[in-house]
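In: Model the following, please.
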Amino acid sequence: MNKQLTFLAPVTLMVSLMAATSFAQVAVTQQRQNPFLSPYQTPHQTVPFDKITNADYLPALQEALAQGRKEVEAIVKNPDKPTFANTVVALDRSGSLKRQITQVMFNLNESETSPELQKIVKEASPIQTDYANDINLNPTLYARVKSVYEQRDRLKLDPESSMLLEKTYKLFTRNGANLDAAGKERLRAIDKELAQLSLEFGENVLNETNEFKMVVTDEKDLAGLPDFVRDAAKATAKKKGQEGYVFTLQAPSYGPFMQYADNRALRQKLYMAFNARGYHGDKNDNSANIGKMVNLRYERANLLGYKTHADFVLEERMAGSREKVQSFLDELVTYARPAAERQLVELTTYAKAHGFTDDKLQNWDNNYYAEKLKKEKYDLDDETLKPYFKLDNVLNGAFAVANKLYGITFNERTDIPVYNSEVKTFDVFDKDGKFLAVFYGDYFPRAGKSGGAWMWIFQGQNIQNDQNIRPQVVNVCNFTRATQTKPSLLTFREVTTLFHEFGHGLHGMLANGTYESLSGTNVPWDFVELPSQVMENWCYDPEALKLFAKHYQTGEVIPNELIEKIRASQNFMAGLANLRQLRFGLIDMYYHGRKPMGESIGAVENKVDSVANLFPHVDGIAFSPAFTHIFNGGYSAGFYSYKWSEVLDADAFEFFKEKGGLDNKAAADSFRKNVLEKGGSEKPMELYKKFRGREPSPKAMLRRSGLIL
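Out: Residues are numbered from 1 along each chain as shown. Next up, the predicted model:
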């Protein structure tokens, strides 16, 4: 997931918290030098996390916004005729200090938050929204931009500059520049409320995740769980001061328990807790937040002249329209549902042959029996694979794949400040030895860390005054921790997650554009998943696996037999997996692709489930109240992009495999030059065609998923 674009998404960090500082307290904080307000005296001018306190954020942001307003005022009052340089480029360069501060603050709020930091972010969010709207709704500034835009055919701009001009003009027209005074004021109020609701939504999900724990003291209740699951639960119990074993809703705890635990009642208990987050009618309930956000997004779209929020969002995506996305999802359902139905029959038959006595499998039975069936069919499970996937080796494997493809190298550093001692940092160099980027890796769950995985930037790439300012990129994940007896050993799904986020990271690290707003992952969201999902493909490639999949005790390279089993099982239960992903996309489109009718969350999900869910309905749970992608992560009306990007990445990877795989230098060079380096400097389909030589075919994705022959 790419949170940086909110990115996202799409895009989140921080240190311990002092008392929240209001603007009335600015004078107190000025008694010491605010680290944000002077040049960083760190390697590559990286963020001085060791010097930043929570008291620094709001005073620094106040100064940054004042500075940004002065920069915009200088553009507005420029007596010279509006030009591309003195208006469009100047506006793109403005607000750099604000970006520097908020890129740190919002990432830490996701990966190292606390109640104090959450309070600061809540205070900062509406202030930042006002700042953005002051720019977007400034009539004089808009008039200057419009004047340049109307001359575009005579300016003879290069493709990247033409894209910046178009994007800047649309920034105004799509954000209220043509509204009357009353409309502008209403837009301001909507944007401010949406920003607050999004923050509350994410906080509620984090609270629900952190507050739950399932304590197991009877050893019989651990039946079926591998040693690595028991060891992790024992370590969690010790950390929380509990006897026995503790299981949580964090992915490294929740996922393995649902896969392996024989105790069906406990599987149900954990499943119900996970899928009722934000749905308990208490202080963390997100039901009202969803209703408010859906209605406000619809109102905002109408105010700007669009039929629905989806129409507004999709105008600037590869898909182009709500109708095309809906048709895309509906068509994929016609392929996925028959395969899912066959697979559910197979899974149910297997379960009944192994002691299952109910008429139908429930969702809390799915992963459990699927894991057993997979073991029987392929003689393969995570317990067999995990010894070959030590975290350090997998990370080095991602580095090695990047080196084989693009010639880049990673050197670990220990002198770059970090926001948590677990975070690793690396210098990244190009094949000619030139410095490319700083890469941060943050891989383990913590109480102050949101679930899931994402990429973010602390500094974006751009070129100013002939200086190529290189990016600072972070990958944040939640992987299985080391125990007292074993290092961090990843499940295969965690391996693909690491490669996925690293693909986003490469998109940021290899960026090579002039303008930061078009650089790296600043692309349409149905294109942003292409680099990440291309990287995932290498996890199934024998040559790539042999670079890093080595037994943590013996050093033995993963045997060919296991590689073939991984490849053979790639499409195992793919119909059910695809239908689940499509369900999420359809829920997103139901909320955002029509006029809100005041339906309950349950009613919305039931309508989607009639076509995209084969498991029985269960009262008391819902997916939407924890659907952070669309209500907290910037993917609203955009969750389909994961499937859309699968079409692109499957087609792209076939190109890599046509001639040499990791040694296909033509494909690697073209992908780097036309996708990774270009960012959003041109239309994504044009970039894809430059890379591939043609538009993508969906058949590669359908073949890879086992949905067609």
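
In: Okay, now the unreliable bits of the stretch 551-700 of the chain?
Out: Within the stretch 551-700 of the chain, no range satisfies pLDDT under 70.

In: do the chain as well
Out: 2-31, 709.

In: for it, what's the longest strand?
Out: Counting by DSSP state E, the longest strand found in the chain is strand 435-442.

In: Residues contacting it, please?
Out: Contacts to strand 435-442, defined as CB atoms under 8 Å, 6 or more residues apart in numbering, come from residues 43-44, 46, 111, 395, 408, 410, 416, 418, 420, 422-430, 458, 461, 470-477, 505, 508-510. For the C-beta atoms, the positions are set from N, CA and C on the backbone; glycine is no exception.

In: Output that strand as CSV, restricted to C-alpha atoms.
Out: Only the C-alpha atoms of strand 435-442 are listed here, as CSV (Å, rounded to 0.1, in the frame of the first residue of the first chain):
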residue,chain,number,x,y,z
PHE,A,435,24.1,8.6,-4.3
LEU,A,436,20.4,7.9,-5.0
ALA,A,437,18.4,7.9,-1.7
VAL,A,438,18.2,7.1,1.9
PHE,A,439,16.0,4.1,2.7
TYR,A,440,14.4,3.4,6.1
GLY,A,441,13.0,0.0,7.0
ASP,A,442,10.5,-0.4,9.9
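
In: Beyond that strand, next helix or strand please.
Out: Next helix or strand after strand 435-442 toward the C-terminus (DSSP states H and E): strand 454-459.

In: Who are the packing partners of that next one?
Out: helix 96-111, strand 472-476, helix 492-509 (3 or more CB pairs under 8 Å, 6 or more residues apart in numbering; DSSP states H and E).

In: circling back: tell me which residues in the longest strand of the chain are buried?
Out: Leu436, Ala437, Val438, Phe439, Tyr440, Gly441, Asp442 (16 or more other CB atoms under 10 Å).

In: Next: stretch 665-672.
Out: In stretch 665-672, counting by 16+ other CB under 10 Å, buried: Ala667, Ala668, Ser670, Phe671, Arg672.

In: got the phi/psi numbers for the second one?
Out: It stands for Ala668. Note on Ala668: backbone dihedrals following degrees, to the nearest 10 are phi -60, psi -40.

In: Hmm, Gln484 and Phe228 touching each other?
Out: No. Between Phe228 and Gln484 no contact is recorded; they are 11.8 Å apart, counting by CB atoms under 8 Å.

In: picking that back up, what about the buried residues of stretch 665-672, which are in helices?
Out: If you go by DSSP state H, these have Ala667, Ala668, Ser670, Phe671 in helices.

In: Chain neighbours aside, what residue packs nearest to the second one?
Out: By that I understand Ala668. Leu405 (4.2 Å; CB to CB, 6 or more residues apart in numbering).

In: Equivalent analysis for the third one, please.
Out: In space, Ser670 comes closest to Phe691 once its chain neighbours are excluded; the distance is 4.9 Å by CB to CB, 6+ apart.

In: if I look at that neighbour, how far off is Gly503?
Out: For Phe691, the distance to Gly503 equals 15 Å [CB to CB, to the nearest Å].

In: Strands of this protein, residue ranges please.
Out: Going by DSSP E, the chain shows strands at 214-216, 245-247, 409-413, 424-429, 435-442, 454-459, 462-464, 467-469, 472-476.

In: mind putting those in CSV, distance to Gly593 included?
Out: Converted to CSV, the strands of the chain look like this (distance: least, CB to CB, whole Å):
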stretch, distance to Gly593
strand 214-216, 37
strand 245-247, 37
strand 409-413, 42
strand 424-429, 40
strand 435-442, 35
strand 454-459, 25
strand 462-464, 35
strand 467-469, 39
strand 472-476, 30
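
In: Tell me which of those approaches Arg152 most closely.
Out: strand 462-464 (21.8 Å; CB to CB).

In: Paired strands for the closest one, with orientation please.
Out: If you go by DSSP bridges, strand 462-464 pairs up with strand 467-469 (antiparallel).

In: who touches the partner strand?
Out: Residues from elsewhere that reach strand 467-469 (CB under 8 Å, 6+ apart): Gln459, Gly460, Gln461, Asn462, Ile463, Asn512.

In: Report the buried members of those residues.
Out: Gln459, Gly460, Gln461, Asn462, Asn512.

In: how far away is the fourth one from Pro471?
Out: As defined by CB to CB, Asn462 lies at a distance of 9 Å from Pro471.

In: what touches both of those two?
Out: Ser519.

In: And the helices in the stretch 151-300 of the chain?
Out: Assignment of helices within the stretch 151-300 of the chain using DSSP state H, counting those that start in this stretch yields the ranges 152-155, 159-173, 181-211, 227-239, 251-260, 264-274, 287-303.

In: now for the ones you listed, which one comes closest to Glu646?
Out: Going by CB to CB, the one of the helices of the stretch 151-300 of the chain nearest Glu646 is helix 251-260, 21.4 Å.

In: which strands and helices sit next to that closest one?
Out: Counting by 3+ CB pairs under 8 Å, 6+ apart, helix 251-260 packs on helix 227-239, strand 245-247, helix 264-274, helix 363-378.

In: got the end-to-end distance for stretch 281-294?
Out: 19 Å (CA to CA, to the nearest Å).

In: Could I get the buried residue list for it?
Out: Asn284, Asp285, Asn286, Ser287, Asn289, Ile290, Gly291, Lys292, Met293, Val294.
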